[in-house]
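K.L.:
What shape does this take:
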Amino acid sequence: MDFLSHSTIVGFMSGTAILICLQQLKGFFGLTKFTTKTDVISVLHAVFKYREEWRWESAVVGLIFLAFLLFTRYLKKRNPKLFWVSAIAPMVTVVVGGLFAYLAHGENHGIPIVGRLNRGINPLSIKDLNFESQYLPVTLKAGILTGILAMAEGIAIGRSFAILKNYQTDGNKEMIAFGMMNIAGSLTSCYLTTAPFSKSAVNFNAGCRTAMSNIVMAIIMMLTLLLLAPLFSYIPLVALSAIIMTAMFGLIDYEEAYSLLKVDKFDFCICMAAFFGVTFITIDVGLLMSVGLAILRALLYVARPATCKLGNMPDSSLYRDIEQYPVATGIPGILILKLGSPIYFANCSYLKERIMRWIGDEADITNANVNEVEHLLLDIGGVSTIDMTGIETLQELRRTLEINGIKMGIVNPRIAVMEKMILSEFVDKVGRESFYMSIDEAVEACRFWLQESNVSKNDFSVHPTVV
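P.N.:
Numbers count the residues shown, from 1 in each chain. The predicted structure is shown next:
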């Protein structure tokens, strides 16, 4: 569930909101026939296929309710103190719509109503549970599949609204809640339950903030089913459609999609994958498409990690990326490179090739007989972990550098990385003197070695060997 990125949520919310709005056209036009499919093409095809059933009376009433609900939302935005007007607007719509349909006999004038509702709640179904072996394989297969899909959709919906209110969701707790809810539901003749997007949106727009609102809502719902159900039989279906459509309009975030396009094109592609997948195929496929792109991006980051050359900032002991800080200067004879990601088998070849390319660019080995680089320092403070292939690659890199007369030093390794290097005997092979706590310490050591090397060369030139 961690691959449900912000761009995925934006596309998912917008696509689902548009899809639900289009599905409400059934109630808006008073249609009795409709499709069970959820993609935009099928929904629009059904709307125009049954256009002979369109009821202009229902559409007019729907427009009136929709205008009223949108106006209350406008008042809330203009004056936050009037939030209660928007909060009670759906209830006013239901009550007024029910009274209008009852007094005007709306069902006889092209305004479909909910219809007969009986008092009571679902009967217990625990006695109908069947654990015979012939049914278990099918039950397990369907249960696992629907459970995974329901959890994915539910958590995606939860995170969608969490982003809007800037709070965190716990995937583990959500999974437990879905499981307990459906276990209890299976014992009381309930259908598979997830977090319905349309009802969550209505709840969100009403100003609900905590789980206590769901408890109150459940209690009121139970009392309504037990005592007041027949009173809701006159509610126009178009009133319910208008309430849901109003809630959906606020979830279509085209401004954020445009922002993604400007900031990060790949994030925009992930957003569009979720949007078009949800609207033109199914919600599950839309989520899978966007999550697949997110995983692909993560793999690309792992396979092509960032590396940069560090230089010394003037009048300080700080070392920064020379491309980001042009004032940072390199140190003669010393090349400092920073590795900023874990070293895995997937990126080892790229890292070795990239490091050798840095050395080639710095020292111009192919065009000069003398190496300008005598010391390579690898700052691996950003490397959180390393596998055995990565350790072997560093060992091969060290041998290659030694052939070219370059010494390699390791700077600021993390505990987890250092432990693996010790257990693999890499530290013993390279030498403990090749490990440093900071770049400044490593540079001082390299400068000392460079001075010693220059002194040795001068002594050799002054006192040549006599044969």
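K.L.:
When you work out contacts or count neighbours from here on, use the C-alpha atoms and nothing else.
P.N.:
Noted.
K.L.:
so where's this protein uncertain?
P.N.:
For the chain, the stretches flagged by pLDDT under 70 are 1-3, 195-198, 363-371, 453-467.
K.L.:
Strands of that one, start to end?
P.N.:
307-312, 319-321, 334-339, 375-379, 407-411, 435-436 (DSSP state E).
K.L.:
Columns distance to Met245 and mean neighbour count on top of those, output as TSV?
P.N.:
As requested, these are exported to TSV (distance: least, CA to CA, whole Å; neighbours: other CA atoms under 10 Å):
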stretch	distance to Met245	mean neighbour count
strand 307-312	49	21
strand 319-321	51	19
strand 334-339	50	22
strand 375-379	55	24
strand 407-411	58	22
strand 435-436	62	20
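K.L.:
can you redo those strands as a markdown table with distance to Val327?
P.N.:
Below are the strands of the chain laid out as a markdown table (distance: least, CA to CA, whole Å):
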| stretch | distance to Val327 |
| --- | --- |
| strand 307-312 | 8 |
| strand 319-321 | 9 |
| strand 334-339 | 16 |
| strand 375-379 | 20 |
| strand 407-411 | 23 |
| strand 435-436 | 25 |
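K.L.:
what's the closest of those to Leu129?
P.N.:
Of all the strands of the chain, strand 334-339 sits nearest to Leu129, with 58.1 Å by CA to CA.
K.L.:
Can you tell me which helices and strands the closest one packs against?
P.N.:
strand 307-312, helix 348-363, strand 375-379 (3 or more CA pairs under 8 Å, 6 or more residues apart in numbering; DSSP states H and E).
K.L.:
Any chance you could give me it in PDB, C-alpha atoms only?
P.N.:
C-alpha atoms of strand 334-339 as PDB (Å, rounded to 0.1, in the frame of the first residue of the first chain):
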ATOM      1  CA  ILE A 334      41.800  13.700  -5.000                       C
ATOM      2  CA  LEU A 335      38.400  12.800  -6.500                       C
ATOM      3  CA  ILE A 336      35.500  12.800  -4.000                       C
ATOM      4  CA  LEU A 337      32.300  11.000  -5.100                       C
ATOM      5  CA  LYS A 338      29.100  10.700  -3.200                       C
ATOM      6  CA  LEU A 339      26.800   7.700  -3.600                       C
END
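K.L.:
Now do it and strand 407-411, the angle between them.
P.N.:
Put simply, strand 334-339 runs at 50 degrees to strand 407-411, going by axes from the mean of the first three to the mean of the last three CA atoms, to 10 degrees.
K.L.:
What lies in contact with strand 334-339?
P.N.:
Strand 334-339 has contacts (CA atoms under 8 Å, 6 or more residues apart in numbering) with 305-311, 355, 359, 362, 373-383, 443, 446.
K.L.:
circling back: want to throw the helices and strands packed on strand 334-339 into TSV with distance to Gly207?
P.N.:
Formatted as TSV, these follow (distance: least, CA to CA, whole Å):
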stretch	distance to Gly207
strand 307-312	47
helix 348-363	52
strand 375-379	50
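K.L.:
Excluding chain neighbours, what is closest to Asp267?
P.N.:
Closest residue to Asp267 apart from its sequence neighbours, by CA to CA, 6 or more residues apart in numbering: Ser7 at 5.7 Å.
K.L.:
no, scratch that, I was asking about Leu293
P.N.:
The nearest residue in space to Leu293 (CA to CA, 6+ apart) is Ile270, at 6.2 Å.
K.L.:
surely the one you found meets Leu296?
P.N.:
No - look at Ile270 against Leu296 with CA atoms under 8 Å: they stay out of range, at 10.5 Å.
K.L.:
In terms of packing, which of the two has more residues around it?
P.N.:
More crowded of Ile270 and Leu296, by other CA atoms under 10 Å: Ile270, with 27 against 12.
K.L.:
how near is that one to Leu260?
P.N.:
10 Å (CA to CA, to the nearest Å).
K.L.:
the domain parsing of the protein - what is it?
P.N.:
The chain breaks down into these domains under automatic domain parsing: 6-300, 307-462.
K.L.:
which ones are touching the residue nearest to Asp267?
P.N.:
257, 260, 267-268, 270-271.
K.L.:
Recalculate using a threshold of 10 Å.
P.N.:
13, 256-257, 260, 264, 266-275, 290, 294 (CA atoms under 10 Å, 6 or more residues apart in numbering).
K.L.:
Repeat that for Pro314.
P.N.:
327-329.
K.L.:
Ramachandran angles for it?
P.N.:
phi -60, psi 140 (degrees, to the nearest 10).
K.L.:
coming back round to it: which of the contacts of Pro314 tops the neighbour count?
P.N.:
In terms of neighbours by other CA under 10 Å, the contacts of Pro314 top out with Ala328 at 18 neighbours.
K.L.:
Tell me where the stretch 51-200 of the chain has helices.
P.N.:
56-78, 83-104, 136-165, 171-186, 197-205 (DSSP state H, counting those that start in this stretch).
K.L.:
what helices or strands is the shortest one leaning on?
P.N.:
In other words, helix 197-205. helix 6-23, helix 83-104, helix 136-165, helix 212-223, helix 237-249 (3 or more CA pairs under 10 Å, 6 or more residues apart in numbering; DSSP states H and E).
K.L.:
rerun at 7 Å
P.N.:
In terms of contacts (3 or more CA pairs under 7 Å, 6 or more residues apart in numbering; DSSP states H and E), helix 197-205 is packed against helix 237-249.
K.L.:
Check which residues of the helix it packs on are buried.
P.N.:
237-248 (16 or more other CA atoms under 10 Å).
K.L.:
List just the nearest of the residues you listed to Ser316.
P.N.:
Taking CA to CA as the measure, Ser316 lies nearest Met248 of the buried residues of helix 237-249, at 55.6 Å.
K.L.:
dump the residue contacts of that closest one.
P.N.:
Contact analysis of Met248 by CA atoms under 7 Å, 6 or more residues apart in numbering lists 17, 21, 201.
K.L.:
Could you check stretch 380-393 and say which residues are buried?
P.N.:
380-381, 383, 385-387, 389-391, 393.
K.L.:
what do you get for stretch 138-151?
P.N.:
147, 150-151.
K.L.:
One more: stretch 78-91?
P.N.:
Quick answer for stretch 78-91 (16+ other CA under 10 Å): 83, 85-87, 89-90.
K.L.:
Let me have the residues you listed in a markdown table, extended by distance to Tyr74.
P.N.:
Converted to a markdown table, the buried residues of stretch 78-91 look like this (distance: CA to CA, whole Å):
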| residue | distance to Tyr74 |
| --- | --- |
| Phe83 | 10 |
| Val85 | 10 |
| Ser86 | 9 |
| Ala87 | 12 |
| Ala89 | 12 |
| Pro90 | 14 |
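K.L.:
Any figure for the gap between the residue nearest to Asp267 and Phe204?
P.N.:
21 Å.
K.L.:
Same question for Leu63.
P.N.:
Note on Leu63: its distance to Phe204, by CA to CA, is 22 Å.
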